[in-house]
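>>> Predicted coordinates and the sequence they were generated for:
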Amino acid sequence: AVWYGEKLFGNQWADAQGIDEKKREQLSKTAMDSHKLSALMYLIMIIVVSYLADETQCKSINDGLWLGGLLWFGFNLPLAVVQHSYNPHGNKVVLLIDLCYQMCVM
């Protein structure tokens, strides 16, 4: 909610997606459902990454950062680039904002 909010990158992201003010108001009405779904997906991600960290015997913060970086590079980056390639707007700002968000979350 913060990353895509008005204070950080929300306006730039919405402009790059071609979302006008009327559509933004409509999206804000259903935002809570999206936030609940996001929270559930992040919980699943936390469980899976915790399992992987345990299985790979991550013992230090460096081990965890390395695992997070590998997961981001191996999964998030390719998926985001493929998804972006099907985006009719094809705006690189959207890709950059989304990738940076995923890197921060990972």
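All right, it came through fine.
>>> so how far is the top helix by length along the chain off the chain centroid?
Taking DSSP state H as the assignment, the helix of the chain that covers the most residues is helix 31-55. On the basis of C-alpha atoms, centre = their mean, to the nearest Å, the separation between the geometric centre of helix 31-55 and that of its chain is 12 Å.
>>> Now that helix: average pLDDT?
Within the predicted structure, the mean pLDDT of helix 31-55 is 89.
>>> just checking, what packs against that helix?
For helix 31-55, the elements it packs on are helix 61-71, judged by 3 or more C-beta pairs under 8 Å, 6 or more residues apart in numbering; DSSP states H and E. Glycine gets a C-beta too; all of them are placed from N, C-alpha and C.
>>> Please name the residues that touch Val94.
Contacts here follow C-beta atoms under 8 Å, 6 or more residues apart in numbering; on that basis Val94 touches 13, 16-17, 84, 87.
>>> ugh, typo on my part, it should be Gly5
Not one residue lies near Gly5 by C-beta under 8 Å, 6+ apart.
>>> In three-state terms, label it for me.
When classified by DSSP: H, G, I helix; E, B strand; the rest coil, Gly5 comes out as coil.
>>> coming back round to it: could you dump the contacts of Val94 into CSV with neighbour count and distance to Asn76 added?
CSV is the format used below for the contacts of Val94 (neighbours: other C-beta atoms under 10 Å; distance: C-beta to C-beta, whole Å):
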residue, neighbour count, distance to Asn76
Trp13, 20, 17
Ala16, 19, 19
Gln17, 15, 19
His84, 17, 12
Asn87, 13, 16
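>>> Mind putting those residues into JSON lines with pLDDT, distance to Lys59 and secondary structure?
Below are these laid out as JSON lines (pLDDT from 0 to 100; distance: C-beta to C-beta, whole Å; DSSP: H, G, I helix; E, B strand; the rest coil):
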{"residue": "Trp13", "pLDDT": "77", "distance to Lys59": "37", "secondary structure": "helix"}
{"residue": "Ala16", "pLDDT": "77", "distance to Lys59": "41", "secondary structure": "helix"}
{"residue": "Gln17", "pLDDT": "75", "distance to Lys59": "42", "secondary structure": "helix"}
{"residue": "His84", "pLDDT": "79", "distance to Lys59": "36", "secondary structure": "helix"}
{"residue": "Asn87", "pLDDT": "70", "distance to Lys59": "40", "secondary structure": "coil"}
